[in-house]
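Participant: Here's a sequence, model it:
(chains A and B)
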Amino acid sequence: MSTRIPVGPQHPALIEPEHLDVKVDGETITDVDVHLGYIHRGIEGLMQKKNYQQNVYIAERICGICSGVHTSTYSEGVESLLGLEVPKRAKYIRTIILELERLHSHYLWLGLVAYEIGLDTAFQISWRDREIVLDLLEKITGNRINYAMNTIGGVRRGITKEMQKETLQGIDALWEKTKYYKEVFLKDSIVRARTKNVGVLKKRDAERYSVAGPIVRASSVDFDVRTTNYAAYADVKWKPIVRHGCDINSRLDVRIEEVFEALNIIRQCIENMPEGPLKTIVPPVVPKGETIMRTEAPRGELFYYIRSNGTAMPERVKIRPPTYANLLALKPMLIGSELADLPVIVASIDPCFSCAERVGVIKEGTNKKEIFDGRRLRMMKDAP
Amino acid sequence: MLPELIIYPGVIFIVFLGLLYSGIFRKICARMQNRVGPPILQAFYDAIKLFGKENLSHEGAGHGFFIWPIVAFASALVAALLIPVAGTVALNAGDLLIIIYFLILSSAALYMAGFSSENPYAIIGASRGFMQMIAYEAPFILAILFPVFFYQNMSLSYFNQLQLSNGLLALQFPIAAFAFLVAVLGKVELAPFHIPAAHQELVGGYYIEFSGFRLAMVELTHAVKTIALLAIGVALFFGGSASILGFIAKTLALLFLLAVFRATLARFRIEQAIWFYWTLAGVLIINLTLQHGGFL
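Facilitator: Numbering: from 1, shown residues only, chains lettered A, B, ... in the order given. The predicted structure is shown next:
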């Protein structure tokens, strides 16, 4: 006998509103269906109605956690359309912000995983330590979350010598704390029992579902967009972290090691920070053309497609955030596992549903979702 | 008789102490987690507020939905009234048996209330609760059997007096004392055994549909059950109590120990919990056989 259990749109395991329609047999999950569409904001449409400079502000507000990576991806995309070369100092500062952001996103995620398996203390403590990163970001940019640091052609503020010193101090403190987290999350026997061989995503499945970010790297696929050398990643020494366990324990391992890697990258950027201008002069008109920009957000690959028709406003901006790539992989992870593991499996992809939100159409009176196939979408496009 | 039943060491004292301990427990956990935590009297505020709320029930709620929470509270209270607080004696012989029975009834009644509320989350929570009960009752009763077998007595007050003159029974039966504490974690649904009411998985578990008076009953049941179990622990393994101050000091020490468990452990999955408890029960049986047979 199978029971339908509605998980969401309001559920303590999910921070954002989305609906997982779960079918269980006893406690074993037999089927799951993900429904989105609760918080669609029409960002892509809005971006077509604003000019390139205004769109930086919109990109900043797509995600609360990865606001820096959205603006850098957008700015780098527009810069490649313009054929601009960004000053080296700006590239270094961008890298520092991106890695600080990765730090606070990963700390947040560690806390969430701890919370989902009932380890409240680790949740509280990792969020306390996340404050160190947020304080550093506030010192450098003036804001805790929406940094407003990037602009087309460079960055808006520099990092003074004093800020650099404080950042290095903060990094040292975090290094010690992260060692402790490694101990807790990888050695504790109950945490291991709850994460080892849970939410398994085999290498073949990970490739088939085009999964991105730490999840794919925990499934033994060496895929890190930072190797494409945007920002200053070509100038610093780092390596992608790949693990072969394919389960949540490996994802914990990957993210904790990435925290160490991020701390290293920030230290190198600060120590080798070049002098020079923060921003180049940006031509007023973006020439006709299209571009693709990919970056490694904390949660995975962030993809921007920008098409310009030579006016002040972009003709089309298409965003594929990492959660959108990872969402489908929930199905092979969840089916066959226990209901008790659902929260931690969903949390393990570090979902950000407001980024990945797509519009859902419900026919009036029927309460059923409509499915649009390619033919119907083309018809809608041609219609006035 | 009547003031003893109602005031001290009766209903009012037990409920007051239970709510106070639940506040202290939350405060200890909060400090361990680097939080400020609620005021110590928060449990009282909550209980008073909940009793003042409207009596809501949903469509499809059976009679059990109204009756079982009261049964749960009443049976927890009966168990708590039989415990020897500071050497007071309620029954002279066989009170352990009655306490075990009423504690089981109290947990079972809560889960039955969950089943009656006809919510999928509540039903899963309640079935988890019963599953966990099958698991933790074995080590709980086996641990209690250690002193019972050795001293051929089933009276808690006897063990209380015995420990006051002879010293801690926990030193004589260390494994049993540990197993007792672990079983208590399961009985009061603390980490790593807060499985039936797992907030992240089942929202509220078996008491998701409860509000107002009924929710207050659940909270009071937990508070009173905690007191009863701590008192059994003190009377049976951890030194007994001669005065009210000794009773409070010893139960608070045990409460602190439970808070340490609560703050440092993650939640088991249900089958892991059952496996853990039954392994523990196996260890206890072997230990009991060896110790009783005189091999240890």
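Participant: the strands in chain A, which residues?
Facilitator: A:3-7, A:19-25, A:28-35, A:150-151, A:154-155, A:289-297, A:300-308, A:314-320 (DSSP state E).
Participant: ok now the last one, how far from the chain's centre?
Facilitator: This means strand A:314-320. Chain-centre distance of strand A:314-320: 18 Å, with Cα atoms, centre = their mean, to the nearest Å.
Participant: next one: the fifth one
Facilitator: Its chain's C-alpha centre lies 21 Å from the corresponding centre of strand A:154-155 when counted by Cα atoms, centre = their mean.
Participant: Would you enumerate the residues in contact with the residue in the stretch 101-250 of chain B that chain A sits nearest to?
Facilitator: Residue nearest to chain A within the stretch 101-250 of chain B: B:Q200 (4.4 Å; Cβ to the nearest Cβ). C-beta: built from backbone N, CA, C; applies to glycine. By Cβ atoms under 8 Å, 6 or more residues apart in numbering or on different chains, the contact set of B:Q200 is A:12-13, A:115-116, A:118, A:343.
Participant: and the stretch 251-384 of chain A, which residues reach chain B?
Facilitator: Applying Cβ under 8 Å from any Cβ of the partner chain, we find that the stretch 251-384 of chain A lies next to chain B at A:338-343.
Participant: could you redo the last one with a cut-off of 6 Å?
Facilitator: In this structure, the stretch 251-384 of chain A approaches chain B at residues A:340, A:343, judged by Cβ under 6 Å from any Cβ of the partner chain.
Participant: Poorly predicted segments of the chain, please.
Facilitator: As the question left the chain open, I've gone with chain A. A:1, A:383-384 (pLDDT under 70).
Participant: actually it's chain B I care about, not the one you picked
Facilitator: In chain B (pLDDT under 70), the answer is B:1, B:4, B:8, B:86-94, B:295-296.
Participant: Name the stretch among the strands of chain A that sits most buried.
Facilitator: Among these, strand A:154-155 has the highest mean neighbour count (mean count of other Cβ atoms under 10 Å in any protein chain shown), at a mean of 24.
Participant: Which strands or helices does that one pack on?
Facilitator: Judged by 3 or more Cβ pairs under 6 Å, 6 or more residues apart in numbering or on different chains; DSSP states H and E, strand A:154-155 is in contact with helix A:88-116.
Participant: how much does the helix it packs on deviate in direction from strand A:289-297?
Facilitator: Angle of helix A:88-116 versus strand A:289-297, following axes from the mean of the first three to the mean of the last three Cα atoms, to 10 degrees, is 50 degrees.
Participant: how close does the closest residue to chain B within the stretch 51-200 of chain A sit to B:L252?
Facilitator: The stretch 51-200 of chain A approaches chain B most closely through A:G118 (2.9 Å), counting by Cβ to the nearest Cβ. Note on A:G118: its distance to B:L252, by Cβ to Cβ, to the nearest Å, is 25 Å.
Participant: more neighbours, these two?
Facilitator: Each of A:G118 and B:L252 has its neighbours counted (other Cβ atoms under 10 Å in any protein chain shown); A:G118 has more, 26 against 15.
Participant: Next, the contact list for the residue lying closest to that one once chain neighbours are set aside, please.
Facilitator: Nearest non-adjacent residue to A:G118, counting by Cβ to Cβ, 6 or more residues apart in numbering or on different chains: B:R267, 2.9 Å away. Neighbouring residues of B:R267 by Cβ atoms under 6 Å, 6 or more residues apart in numbering or on different chains: A:117-118, B:192, B:194.
Participant: and B:R267, that's in a strand?
Facilitator: No: B:R267: not assigned to a strand; according to DSSP: H, G, I helix; E, B strand; the rest coil it is coil.
Participant: re the thing from before, output the contacts of B:R267 as TSV; include the columns distance to A:I215.
Facilitator: Below are the contacts of B:R267 laid out as TSV (distance: Cβ to Cβ, whole Å):
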residue	distance to A:I215
A:I117	18
A:G118	22
B:P192	27
B:H194	28
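Participant: Tell me the one of the residues you listed nearest A:K202?
Facilitator: For the contacts of B:R267, the residue nearest A:K202 by Cβ to Cβ is A:I117; the value is 22.5 Å.
Participant: contacting residues around the closest one?
Facilitator: A:194, A:344, B:266-267.
Participant: Out of those residues, flag the one nearest to A:G68.
Facilitator: Distance to A:G68, by Cβ to Cβ, is smallest for A:V344 among the contacts of A:I117, at 27.2 Å.
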